[in-house]
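Asks: need coordinates for the below:
(2 chains)
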Amino acid sequence: MFLKLINRLFQALMTMIFVGLVSFLLFNFVGDPISNMVGQETSVEDRDALREKLGLNDPFLAQFARFGSNAVSGNFGISYALQRPVSTLIAERMPATLELVATSAVVAIVLGVLLGVYTGINRHSWISKTIMPLSLIGVSLPTFVIGILLIYIFSVTLGWLPSFGRGEVTQIGGWSTNFLTIGGLKALILPSTTLALFQMALIMRLVRSEMLEVLRTDYIKFARARGLAPRVVHFGHALRNTLVPVITIIGLNIGSLIAFSIITETVFQWPGMGLLFIQSVTFGDIPVMAAYLVLIAAMFVFINVVVDILYLIADPRLRGRG
Amino acid sequence: MDDVLLDIRGLRVEFPTRRGTLVALDDISLALQPGEILGMVGESGAGKSLTGASVIGLLEPPGRVAAGEIRFDGQRIDDLSQEQMRQLRGKEIGAIFQDPLTSLNPMHRIGKQLVETIRTHLPVSEAEARKQAIDMLREVGIPAPEQRIDSYPHEFSGGMRQRVVIALALCTGPKLIVADEPTTALDVSTQAQIIALLRRLCKDKGMAVILITHDMGVVAEIADRVAVLYAGRLAEIGPVREVVQNPQHPYTKGLMASIPVPGRRVEWLPQIPGSMPRLSEIPHGCAFSARCEFAHDQCRAKRPPMQQNENGNLSACWLSVLEQAETGGRHD
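Replies: The predicted structure is shown next:
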């Protein structure tokens, strides 16, 4: 089990180095960084001096090593558009995105799993028969449509919730949070619902079909034959056996929550990393894009490692086979 | 029979379908005494497992008991609520299923599965339940049960897993075990061990067993009596020696003739022509009439009653009814 973990971490490291390489190539070879940095009137000599000073004439590997060590210490250079360190920009925007994603993920997982278990057990109840077609809509409607619909209903027509921005935020250290004020929480409702809806429907459908599968197995029949209470059979025995595929999908989906948050953040003008990324694309702000790329990749890799560890916890059969 | 543990009377199980109601079990009546082992044989689909499922109250919907009654220890159990039945099931009536490889939850240690079963039915502490679980594992022949109790099912072999399954079925001290093909998935030498174990535990604890199988060898070895099912009906029931050596019903005769005997080489193994009718196509009269070489008009018109012969065999066949009428030897 320990070996497996080491092996997994090594793989994660290799992935990060590769992503770093792509990001570095993007940074250095899409256009000329020098002409992005200086004005039109700068002379050729000055440009060459700057090129030398920035180390852009060094061998490829040396440059990549420097980029790598800078990236590890969180230094991604200066944003072209905003003329501020990228790391500061990202640090400012990260809480907004993480809070949005975390809220959506919790909502999607809790509701998705509960509804999935319910519809799996009570396949023929009218509640299940209502939820299932709705979940199909949830899976098939694009995020931005859901977002705009929600804005139309709850902001424009009913006027209950704000349609854009984070509303009131509270600063705790360097972290700005929505969770501590009513205004902040209200602002969080629409975007997190938008982001969660698709994932929730997906998780629910997956849990339901896994439950249906597991409920047919012999060990569930045997658990019933032993006279265990239905609650124990359903949650202790059946749900536990659906976990491995569910963890996989949830893991992948938290990654795509972060990725999808670009769209949601744009629709709701949510000042997170996604919005920062879209703005940097419009400006051709390569340091920001590169940093965003590395950061998202790091999150994906981290989630995947966590998922692999969760596998080992969830399924005893996977342990101990080095 | 005054001392009856399980009494099934006129049990009828139906499956409503779009094309009409299928009668999966029709007028099954049998009784079990405490400590008795009843073998239940028949082809696939004859209703063996359904009878077992009815007894433990785990008929898969839409299947339902449409008529008749099941009494356990004097109490009627077929009309209990789900919750009442659940409390009885696993405590008074245990069940063992066919495939030990899939009967245990792969996610939980066997100790947890034992302890949760014990604590569901008996008011004991966690530690006491664990002690009982270890004792039970020792009793079913798991070596070093103190260590093995913390193993996962996949760490056991097939035979050992079936022992664990038996331990799970027996850990609450039930009076009746419904064993649905407990040895079918095991290899032959393991089968013999499991059968011997079942018989020993049954005698030690005075537990009755309904042993569902299509292996006549297993039945002959362990059962006291045997019931032969055909197309959801009882064809014959009686002491195992009588049914094996002196079968009354033509179906039982065919069944016995088709068992290969080691050491006797034959060109053709006798077999019963045709196959068991589907539930939707059971003929009028005797269900076996279409395949029976002795069938006559009455067999196709009217269902034969259960008739007891002088050796204690009950069989449902017009031939024995007529025979006995001729010799005047009616028993009741």
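Asks: for the chain, just list every one of the helices.
Replies: Went with chain A since none was named. With DSSP state H as the criterion, chain A has helices at A:2-29, A:33-37, A:44-53, A:60-72, A:86-121, A:126-140, A:143-150, A:182-215, A:218-225, A:230-231, A:240-268, A:273-283, A:286-314.
Asks: wrong one, chain B
Replies: Taking DSSP H as the criterion, chain B carries its helices at B:48-55, B:82-88, B:100-103, B:110-121, B:126-139, B:145-148, B:158-170, B:188-205, B:216-222, B:240-245, B:250-257, B:297-301, B:318-327.
Asks: next to chain B, which bits of the stretch 101-250 of chain A? Give me the list.
Replies: Applying the criterion C-beta under 8 Å from any C-beta of the partner chain, the portion of the stretch 101-250 of chain A that neighbours chain B consists of A:217-219, A:221-230, A:232, A:236-237, A:240-241. (Each C-beta comes from the backbone N, C-alpha and C, glycine too.)
Asks: at 6 Å instead, please
Replies: Residues of the stretch 101-250 of chain A that fall close to chain B, judged by C-beta under 6 Å from any C-beta of the partner chain: A:218-219, A:222, A:224-228, A:237, A:240-241.
Asks: can you list the buried residues in stretch B:206-220?
Replies: B:207-216, B:218-220 (16 or more other C-beta atoms under 10 Å in any protein chain shown).
Asks: just stretch A:308-321 next, same as before
Replies: Neighbour-count burial for stretch A:308-321, counted by 16+ other C-beta under 10 Å, picks out A:308, A:310-311, A:314-316.
Asks: from those, pick the one nearest chain B.
Replies: For chain B, the nearest member of these is residue A:316. The distance, counting by C-beta to the nearest C-beta, is 4.6 Å.
Asks: confidence-wise, which of the helices of chain A is weakest overall?
Replies: Within the helices of chain A, the stretch with the lowest mean pLDDT is helix A:33-37, showing a mean of 67.
Asks: about what we covered before: can you tell me which of the residues of the stretch 101-250 of chain A next to chain B is nearest chain B?
Replies: Closest approach to chain B among these (C-beta to the nearest C-beta): residue A:227, at 2.6 Å.
Asks: can you give me the neighbour number for the nearest residue in space to the closest one that is not next to it in sequence?
Replies: Spatial nearest neighbour of residue A:227, chain neighbours left out: residue B:90 (2.6 Å); criterion: C-beta to C-beta, 6 or more residues apart in numbering or on different chains. A count of nearby residues for residue B:90, using other C-beta atoms under 10 Å in any protein chain shown, gives 26.
Asks: for residue B:15, same thing?
Replies: Residues contacting residue B:15 under the criterion other C-beta under 10 Å number 19.
Asks: returning to what we had before: mean pLDDT for the helices of chain B: which is lowest?
Replies: Looking over the helices of chain B, mean pLDDT reaches its minimum on helix B:318-327, with a mean of 72.
Asks: closest residue of the stretch 51-200 of chain B to chain A?
Replies: Nearest residue of the stretch 51-200 of chain B to chain A: residue B:90, at 2.6 Å (C-beta to the nearest C-beta).
Asks: who is the residue lying closest to residue B:182 once chain neighbours are set aside paired with across the strands?
Replies: For residue B:182, ignoring the flanking residues on the chain, the nearest one in space by C-beta to C-beta, 6+ apart is residue B:96 at 4.8 Å. With DSSP bridges applied, the residues forming beta bridges to residue B:96 are residue B:179.
Asks: give me the pLDDT value at residue B:96.
Replies: The per-residue pLDDT of residue B:96 was computed as 90.
Asks: sorry, back to before: and the residue nearest to residue A:227, what does it touch?
Replies: Applying C-beta atoms under 6 Å, 6 or more residues apart in numbering or on different chains, we find residue B:90 in contact with A:226-227, B:121.
Asks: hang on, the earlier thing: could you dump the buried residues of stretch B:206-220 to TSV with distance to chain A?
Replies: As requested, the buried residues of stretch B:206-220 are arranged in TSV below (distance: C-beta to the nearest C-beta, whole Å):
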residue	distance to chain A
B:207	16
B:208	16
B:209	15
B:210	13
B:211	16
B:212	13
B:213	17
B:214	18
B:215	20
B:216	25
B:218	20
B:219	22
B:220	27
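Asks: how many other residues sit next to residue A:75?
Replies: Residue neighbour count, defined by other C-beta under 10 Å, stands at 14 for residue A:75.
Asks: residue contacts, it?
Replies: Residues in contact with residue A:75, defined by C-beta under 6 Å, 6+ apart, are absent; none qualify.
Asks: any idea how far it is from chain B?
Replies: Note on residue A:75: its distance to chain B, by C-beta to the nearest C-beta, to the nearest Å, is 46 Å.
Asks: tally up the residues packed near residue A:293, please.
Replies: For residue A:293, the neighbour count with other C-beta under 10 Å is 18.
Asks: now stretch B:291-299: buried residues?
Replies: Applying 16+ other C-beta under 10 Å to stretch B:291-299 flags B:291-292, B:295, B:299 as buried.
Asks: tell me the two of those residues that are most distant?
Replies: By the measure C-beta to C-beta, B:291 and B:299 form the most distant pair in those, at 11.0 Å.
Asks: show residues contacting stretch B:253-267.
Replies: When contacts are defined by C-beta under 6 Å, 6+ apart, stretch B:253-267 is touched by residues B:216, B:247, B:269-272.
Asks: list the buried residues for that stretch?
Replies: For stretch B:253-267, a neighbour-count test (16+ other C-beta under 10 Å) marks B:253-256 as buried.
Asks: please apply the same query to stretch A:242-262.
Replies: Buried residues in stretch A:242-262, counted by 16+ other C-beta under 10 Å: A:242-244, A:246-251, A:253-255, A:257-258, A:260-262.
Asks: stretch B:183-196 now?
Replies: B:183, B:185-186, B:190-191, B:194-195.
Asks: swap in stretch A:132-142?
Replies: Neighbour-count burial for stretch A:132-142, counted by 16+ other C-beta under 10 Å, picks out A:132, A:135, A:138.
Asks: name the nearest of those relative to chain B.
Replies: The nearest member of those to chain B, counting by C-beta to the nearest C-beta, is residue A:132 at 19.6 Å.
Asks: run a quick neighbour tally on the nearest residue to that closest one once chain neighbours are set aside.
Replies: In space, not counting the residues next to it along the chain, residue A:132 is nearest to residue A:119; the distance is 6.5 Å by C-beta to C-beta, 6+ apart. The local packing of residue A:119 (other C-beta under 10 Å) involves 24 other residues.
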